[in-house]
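> Got a sequence here, can you model it:
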Amino acid sequence: MALIALEEARAFVLERCRPLDPVQVPLDQALGRVLATDAVATDAMPPFANTAMDGFAVRAADVVAATPDRPVRLRVVETILAGRAPLRWLGRGEAARIMTGAPVPDGADAVVMVEHTAAIGDDAVDVGEAVREGQHLRRVGEDIRPGDVVVKRGTAVTPARVGVLAEMGFDSVLVYPAPRVGVISTGDELVAGGGPLAAGQIRDSNRPALLALTRASGFDAVDLGLVRDDEVAITRVLEDGVARCDAVVTSGGVSMGDVDLVKVILGRLADMRWMQIAIRPAKPFAFGVFDRVDGGPGVPVFGLPGNPVSSLVSFELLARPALRRMAGFDELDRPRVQAVADEALTRRPDGKTHFARVRCIYGDDGRYHARSAGGQGSHQLAAMAAADGLAVLPDGHGAALGDTAEVILLD
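The predicted structure is shown next:
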C-alpha cells in the first residue's frame, strides 16, 4: 500500500466527523463546552454610570484648582451606596459621598478618591486633587453594548465567560456536548494491573493512556475494557461501544501484515479505510464509521497502531482534532511554535515526516528551545512521558544544533 500524506488522512477523517447535535444546558454546566450559537448582548454593561472608587462624586470644573495645600471645599448633599439610586441632581459646588459600584448622580462628571479628601463633619468635604472629566467613572456600555457578540459560536466556555454570560442574563446556553469516547484494548498478550507477568505477557498501557488523554482533552471517556482474542467477545464489546458512545478508539491490529481479529471484525462491521501514512511514528491507521442499529448518526471508529508511542501520537494528530470537531471547536489543533534546537534532532531520509518527542522551554531570550526527551523508538513510552512537545521534522536529516524547528506543544 502506498504511503499517503498526513493532510490527506486528516481531511478524510474530518470530513466524516461532524459536530454533535447541540443541547441546551444550565449555565453552571457549560464549563468547557463549546457554544453552538453566538451569545449576543441585549443590555449595556455597565447598565448605568458608576464609580470605580470610593470617594466623592463632583463636577470636575469645581475642583480644577484644587491642590493638597489649597483644597476646594464642597457641600456634601447625599451619600450613595452600591445598589441605591441617587436622590438628586448634583449642582455647582456640591459633592456626593459615593461607594464603589454605586450610580453616579446626574450633574457629576468625575469622582475624587477618598484618599484625596478630608471630610468636614457630615455636610462638607475638602478636595485636595484636581480631577479631569470622566476620571474614576465607568460609563454606560463601556464594556458591552447591546448587539455585541460577547462570546462567539465555536468558543469554549471558560470561567470568565461563565461570568460574562451570567452578567448578560443567560441562565442557560446552547452548546455542543462532549463526545463520549469508548476505548478498547484487545489481545491475549495484554494484562491489566501490577501483578507478575507470565512469559510473553505485557501490561496494557495503551488503554489507560488513551482514556487519560481523552479525558484531558475534554471528552467523556468510556472504558470498554481489555478483551481477549475472541471474535464473539470483541464483536460484543464493539457493538456495545457503538450503542453507548459517539466514537470508539481501538489500538493495535491495523498494520498491513497484521492477522488480527479486530481488523477482521472492524472490516465486517464498518466501512473502514486502512491507511499507511507518511509519518513516523504512527504510520498505520484505520478509520471508518459504524452504522447504528437504531438509525442514529454513524459512530466514527479510530484504529490506532499498537506501539504505545505510536498510539498516542496517532491520537494527537488524527483522533483528537476529529473529536474536537465533534465537540464543536473551531480550533482543532494544539498550538505550534518555532523552537531553537538546543541539541541536534537527527533523523534519516525515508520519505516520511518525523515527530520527535522533545522537551520545550521558553527561554530568557524570548524564544522557545527544544531538546530530545529521550529514546525515539515507538515502544519507548518513558520518553513520551517526559515530552511536552512533538518536533515536526520533514523528510531529510533533521534539525542541527541551533536550527529552528516547528514544535507542537502538548502541554
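
> What strands line up against the helix or strand hosting residue 250, and which way round?
Using DSSP states H and E, residue 250 sits within strand 247-251. Partners of strand 247-251 in the sheet, by DSSP bridges, are strand 180-186 (parallel), strand 299-304 (parallel).

> In this structure, where's the longest helix?
helix 231-244 (DSSP state H).

> buried residues in that one?
Of all the residues in helix 231-244, those buried under the rule 16 or more other C-beta atoms under 10 Å are 234, 235, 237, 238, 240, 241, 242. C-beta: built from backbone N, CA, C; applies to glycine.

> Out of these, which comes closest to residue 410?
residue 241 (26.4 Å; C-beta to C-beta).

> Run through the bridge partners of the residue nearest to residue 233 when sequence neighbours are not counted.
Sequence neighbours aside, residue 227 is the residue nearest to residue 233 in space, at 5.2 Å (criterion: C-beta to C-beta, 6 or more residues apart in numbering). Counting by DSSP bridges, residue 227 is bridged to residue 186.

> Tell me how many other residues crowd residue 227.
21 (other C-beta atoms under 10 Å).

> Residue 205 versus that one, what's the distance?
Going from residue 227 to residue 205 by C-beta to C-beta, to the nearest Å gives 16 Å.

> Kindly export whatever helix or strand comes next after the strand holding residue 250 (C-alpha atoms) in PDB.
The C-terminal neighbour of strand 247-251 among helices and strands, as given by DSSP H and E, is helix 261-269. Taking only C-alpha atoms (Å, rounded to 0.1, in the frame of the first residue of the first chain), the coordinates of helix 261-269 have been written out as PDB:
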ATOM      1  CA  LEU A 261      -9.400 -10.300  14.900                       C
ATOM      2  CA  VAL A 262     -10.000  -6.600  15.400                       C
ATOM      3  CA  LYS A 263      -9.100  -5.900  11.800                       C
ATOM      4  CA  VAL A 264     -11.400  -8.700  10.600                       C
ATOM      5  CA  ILE A 265     -14.300  -7.600  12.800                       C
ATOM      6  CA  LEU A 266     -13.900  -3.900  12.000                       C
ATOM      7  CA  GLY A 267     -13.900  -4.700   8.300                       C
ATOM      8  CA  ARG A 268     -17.100  -6.600   8.700                       C
ATOM      9  CA  LEU A 269     -19.000  -4.100  10.900                       C
END
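
> Walk me through which strands the helix or strand just after helix 261-269 pairs with, and which way each runs.
With elements assigned by DSSP H and E, the helix or strand that comes after helix 261-269 is strand 270-276. When pairs are called by DSSP bridges, strand 270-276 turns out to pair with strand 284-290 (antiparallel).

> which residues are in contact with the strand it pairs with?
Among residues not part of strand 284-290, those counted as contacts by C-beta atoms under 8 Å, 6 or more residues apart in numbering are 9, 12-13, 16, 238, 242, 248, 254-256, 263, 266, 269-277, 298-305, 310, 314, 318.

> tell me the pLDDT at residue 212?
As predicted, residue 212 sits at a pLDDT of 97.

> if I pick it, what's in contact with it?
residue 221.

> Give the full set of residues in contact with residue 115.
Residue 115 neighbours (C-beta under 8 Å, 6+ apart): residue 55.

> again, 10 Å this time
Going by C-beta atoms under 10 Å, 6 or more residues apart in numbering, residue 115 touches 53, 54, 55, 128, 129.

> For it, give its distance to residue 128.
On the measure of C-beta to C-beta, residue 115 and residue 128 end up 9 Å apart.

> Kindly report the same for residue 226.
Counting by C-beta to C-beta - residue 226 and residue 128 are separated by 76 Å.

> and what of residue 149?
Applying C-beta to C-beta to residue 149 and residue 128 gives a distance of 44 Å.

> These two: who's more crowded?
residue 128 (18 against 11).

> And the more buried one, what's its pLDDT?
pLDDT, residue 128: 97.

> Verify the contact between it and residue 67 for me.
Yes. Counting by C-beta atoms under 10 Å, residue 128 does reach residue 67; the two are 6.5 Å apart.

> ok, back up a step: I'd like to know which of the strands paired with strand 247-251 is closest to residue 165.
It is, among the strands paired with strand 247-251 and with distance given as C-beta to C-beta, strand 180-186, at 25.1 Å.

> tell me the mean pLDDT for the closest one?
Rounded mean pLDDT across strand 180-186 is 94.

> distance between that strand and the chain's centre?
When distances are taken as C-alpha atoms, centre = their mean, to the nearest Å, strand 180-186 is centred 23 Å away from the chain's centroid.

> Beyond that strand, next helix or strand please.
strand 190-191.

> How far does that following strand sit from its chain's centre?
33 Å.

> Can you tell me what sits against that strand?
For strand 190-191, contacts defined as C-beta under 10 Å, 6+ apart pick out 197-198, 201-207, 226-229, 252, 306.

> Also stretch 155-163?
Contacts of stretch 155-163 (C-beta under 10 Å, 6+ apart): 25, 27-35, 38-39, 149-151, 164-165, 170, 173, 175-176, 218, 324, 327-331.

> Now, of those, which are buried?
Counted by 16+ other C-beta under 10 Å, the contacts of stretch 155-163 give 25, 27, 30, 33-35, 39, 150-151, 164-165, 170, 173, 175-176, 218, 324, 327-329 as buried.
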